[in-house]
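**Q** Sequence first, predicted model second:
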Amino acid sequence: MCKTLTLSAAVQTDKCEIIKKHNSGVNHGVLLKAVLFAICLTTCVFSQTVTSDRIRPPLDGRPTIRIVTDDNVRITSKEEYVTMTFSLEDPQNPQNNISPISNQQIRGRGNSSWNSSWNWYTYTQSPRDTLYYNPYRIRFRNNQQQGLFGLPAARNWLLINADSEKNAFGFELGQRLNLQYTCTYHPVNFILNGTSQGNYILTEHRQADPSDIGAPGRPKIHQTDGWFIEIDRHYFNENNPEPLKFITTSYNLPTAIKRPSDFGDDINDPRYDFVKRDLNELADSMASDNFPENGYRDMIDAETFIKYFIVQTVIQNVDLFRSGAETGREIGSTFFYKGEDGKISAGPLWDLNWSFQTFNTLTGRMGPNLHPYQVHPWFRRFFDDPLFLVRYKEIWNEYLPQISSMRQFIDDICDGVRGAGSTWPRNEMITFFNARMRFLTDEYNKVNVRPLVKNFGTTGYNYTEAPARTVTLVSYGEMTDLTARLQRGPLSDFGIVSEFVQTAGGSGGYLATVNVKPKDSLAIASYHDTLILSGVKQGSAFSFRVPLEFTVADYVSVLSYNRTVPPPKKLNDDAASAALQRLLTTRFTAGPNPVRKSDGIVKLYASGKSLASATVTIYDPAGNAIRRISISDRSGNNSYERRVIGEWDLKDSRGRTVTQNTYLIKGTIPAARGGGQEKMSLMIGVW
């Protein structure tokens, strides 16, 4: 047997030769050479052990896919297809056999897995021919769809190789959780141009289903305004060849539109605007100060996000947990779609090979006892919603038997891919999975508090009453002996305005809420205290400390925490209040400004040359686009008289009246004649 080889930043150049023996006992003098390499980065050094059981020889009785390229042409590109002949032989289930089909296509695929020495192995034959165990995409030509292994027919199929067991584990777990459109997996022997490539898995190409039916890996999207997107760090790169990419206004999500794609390659084509609008509206709502009680729940299929996160968390997929994910920069291979119900859903699962602590030292702090919840800012925000968090705990416990049974699946898939008795990655996966399950089960049965800090913001000195806010305890299992108190007691500038109310979620989850607020008519100052929440769950006591913050200012500028415009104390204070909303242009004005919510409308005015029709955007204090309104100038001449060109009914895009705050109306408006354009930038105070 080949001795163990250790790879590190200091490259070792051992070689080994293995004579592969088939079950017939006939020796085939196939020379197998281990590829040794090192990656040296300024911030990372890694070590990895390579043993002979990482080799994946063909297995007897396993289905075999044979591909012969025309003239035995090498497959060297991820962009250019090569013409080939495809066949499938399944000795256990002959009904799956497919006789050779010529004039089909194949090309490379993948990012780090393509032509990468991470695949570890090199076959050498005579004449010398290096094969990297690459992943491939198969395409049946002339829109011909081919069903494989009894699965729904499709034009595109994938052969993936990198850590096949880990991809299969994630797909299997997704299926056991009933996560819709999860890919299937079929271990196969793969023979390319007469040379065995070892053992791969065949799976679906993830895309919106072209047939609008829905199948594994191919979500059915809404017929009129559905879409399918990928969020991946590679789309931060302007040189990335993906044409239909954009970055969201909140959370900076690097997004590529996969469907629709039939409007050309210009991301600025207005026919793609509905995709950008939908994702931005969700991200903006989640970044908003009034999250989660702002309607965001109506935009999503929460159970798909929960099940998606459970799979990614159990395996600790590097693409979601790598170093840098906390800052929002590092995220990879995450897919989402707007389904036939009009809601945004998560999935399908993809690219799960960097999991179970794979390449741990390249990814920062990773391990089975870390990160029970998502770390990327957008994903983490879901767990700030008590209703989402309690449902997450419920689904975890509901499916705990199915999740726990995945321990046996590790043996099954490793036997199937590398043969009985193989140790890698079996031992690594088992050790990680056992520790991970203990850690996650313990974490998900703890009580959590949301929010962790309650900031009541800043208000003007002449306020009379601040609104009450809710603090929530989230638990799987009923809580008892609940108490809430303020650290400063009667000396506190805050008050608890309701006792604990505990409600059952229906599937084992519980929420306990208490309301707290700043006292009325406080003087100009910053106020702080701590809300102390205590109780007992399943015989174990718990306690949380929630910092409270509130500021009363002599006035509130548009750069303050919530940019609230205080109402004028008397009529002659109008000018002083309006001065806080200084216009950034002399051409446009608004009135009344500030405007009472009870007035229900603010009009926009212009003076000067006539303007063409346009649309301007309304932003809230957090910079979120909440509404777009039309501008229409009917002056018909170049009168410099002040005239109405638009109005805002003080509602957002979902028809909800906005809260007391300061809003920015901004946009560029073309001149009706002679070219040129005018920039509108108006601050509107609502109280």
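**A** Arrived safely.

**Q** confidence score at residue 570?
**A** Listed pLDDT for residue 570 reads 37.

**Q** next one: residue 127
**A** What the model reports as pLDDT for residue 127 is 35.

**Q** next one: the one 5 residues further on
**A** Each residue has a pLDDT score; the one for residue 132 is 53.

**Q** ok, now residue 679?
**A** Confidence per residue is given as pLDDT, and for residue 679 that number is 84.

**Q** State whether it and residue 671 are indeed in contact, as I suppose.
**A** No: in this structure, residue 679 sits apart from residue 671 without contact. The criterion is CB atoms under 8 Å, and the distance is 11.8 Å. Heads up, the C-betas are built off the backbone N, CA and C, glycines and all.

**Q** the more surrounded of those two?
**A** Counted by other CB atoms under 10 Å, residue 679 and residue 671 do not tie: residue 671 has more neighbours, with 16 against 13.

**Q** quick one: the residue nearest to the more buried one when sequence neighbours are not counted and residue 341, what's the gap?
**A** Among residues not flanking residue 671 along the chain, residue 609 sits closest, at 5.8 Å (CB to CB, 6 or more residues apart in numbering). Residue 609 sits 48 Å away from residue 341 when distances are taken as CB to CB, to the nearest Å.

**Q** and if you look at residue 191?
**A** Distance check for residue 191 against residue 341: by CB to CB, it reads 43 Å.

**Q** Who has more neighbours out of these two?
**A** Neighbours per residue (other CB under 10 Å) separate residue 191 from residue 341, with residue 191 holding more: 18 against 10.

**Q** how about stretch 151-163: buried residues?
**A** Neighbour-count burial for stretch 151-163, counted by 16 or more other CB atoms under 10 Å, picks out 151, 152, 154, 155, 156, 157, 158, 159, 160, 161, 162, 163.

**Q** Please apply the same query to stretch 437-452.
**A** Of the residues in stretch 437-452, those buried under the neighbour-count criterion (16+ other CB under 10 Å) are 437, 439, 440, 443, 444, 445, 447, 448, 449, 450.

**Q** ok now stretch 345-360, how far from the chain's centre?
**A** Between the centre of stretch 345-360 and the centre of its chain there are 12 Å (CA atoms, centre = their mean, to the nearest Å).

**Q** Rounded mean pLDDT for that stretch, please.
**A** Mean pLDDT, taken over the full extent of stretch 345-360, equals 84.

**Q** distance between the ends of stretch 591-601?
**A** Looking at stretch 591-601, the gap from its leading to its trailing residue is 9 Å under the measure CA to CA, to the nearest Å.

**Q** I'd like the mean pLDDT over it, please.
**A** The average of the pLDDT scores along stretch 591-601 is 82.

**Q** which of the residues in it are buried?
**A** Using 16+ other CB under 10 Å as the burial criterion, the residues of stretch 591-601 that qualify are 593, 594, 595.

**Q** and what of stretch 177-195?
**A** Taking 16+ other CB under 10 Å as the neighbour-count basis, stretch 177-195 is seen to contain the buried residues 177, 179-193.

**Q** Between which two of those is the distance greatest?
**A** Pairwise distances across these peak at 39.4 Å for 177 and 193 (criterion: CB to CB).

**Q** quick one: the helix or strand hosting residue 159 to chain centroid distance?
**A** Taking DSSP states H and E as the criterion, the element that holds residue 159 is strand 156-160. Remark: strand 156-160 is offset 23 Å from the chain centroid, using CA atoms, centre = their mean.

**Q** Show residues contacting whichever helix or strand comes after that strand.
**A** For strand 156-160, the following helix or strand on the C-terminal side (DSSP H and E) is helix 164-176. Residues external to helix 164-176 that are found in contact with it (CB atoms under 8 Å, 6 or more residues apart in numbering): 160, 182-185, 187, 199-201, 203, 307-308, 310-311, 314-315, 317, 347-349, 351-353, 355-356, 358, 399, 402-403, 405-406, 409-410, 413-414, 417-418, 425-426, 429.

**Q** Helices - which of the residues you listed land there?
**A** 307-308, 310-311, 314-315, 402-403, 406, 409-410, 413-414, 417-418, 426, 429 (DSSP state H).

**Q** Nothing else from me, thank you.
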